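Peer 1: Let me see the structure of the following:
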Amino acid sequence: MYQRDADIKRAERSYDLAYDICNESERDKLAQAWKGPDKGWETPPGGWSKSDCTAEAGKSWNVALKGSWGNVAITALVPIPLGWLLVHALIGIVRWIRRGFNSG
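Peer 2: Here you go, the predicted model:
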């Protein structure tokens with residue numbers, strides 16, 4: 001649950017950033033800051049509509065969430081064999097110590 005929540009929060013930030021960049025005032029500010037005052041971003045004829053911005057932000061959301069379920073599976077399943085290895089190692093150490101005390 002932790003990994004999926006972290007992936008969703010990352011996707012939300014990506015969506016918000018893409019939508020803000022698409023938004024007219026934010027896009028103009030970024031164009032001024034990144035490309036100089038005389039070079040703007042290419043805009044479609046008639047400018048960007050809210051549905052265009054929502055579609056672009058949705059693409060960003062999908063890219064950010066790509067592979068999320070793989071991350072969840074790794075986060076959930078990898079600790080299981082590692083935990084068993086740790087338990088077996090501890091049992092082996094305890095048996096080794098007991099053998100050392102019993103041999104004397």
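
Peer 1: Just checking, which helix or strand succeeds the lowest-mean-pLDDT helix or strand in the chain along the chain?
Peer 2: In the chain, no helix or strand scores lower on mean pLDDT, DSSP states H and E than helix 24-35, which sits at a mean of 57. Remark: after helix 24-35, the chain's next helix or strand is helix 50-65, criterion DSSP states H and E.

Peer 1: The following helix or strand past that following helix vs helix 50-65, what angle?
Peer 2: Counting by DSSP H and E, the next helix or strand C-terminal to helix 50-65 is helix 68-77. With axes from the mean of the first three to the mean of the last three C-alpha atoms, to 10 degrees as the basis, helix 68-77 and helix 50-65 are set at 30 degrees to each other.

Peer 1: Mind listing what's buried along helix 68-77?
Peer 2: For helix 68-77, the neighbour count (16 or more other C-beta atoms under 10 Å) marks Ser68, Val72 as buried. Glycine gets a C-beta too; all of them are placed from N, C-alpha and C.

Peer 1: For Cys22, list the residues it contacts.
Peer 2: Trp48, Asp52, Cys53, Glu56, Ala57 (C-beta atoms under 8 Å, 6 or more residues apart in numbering).
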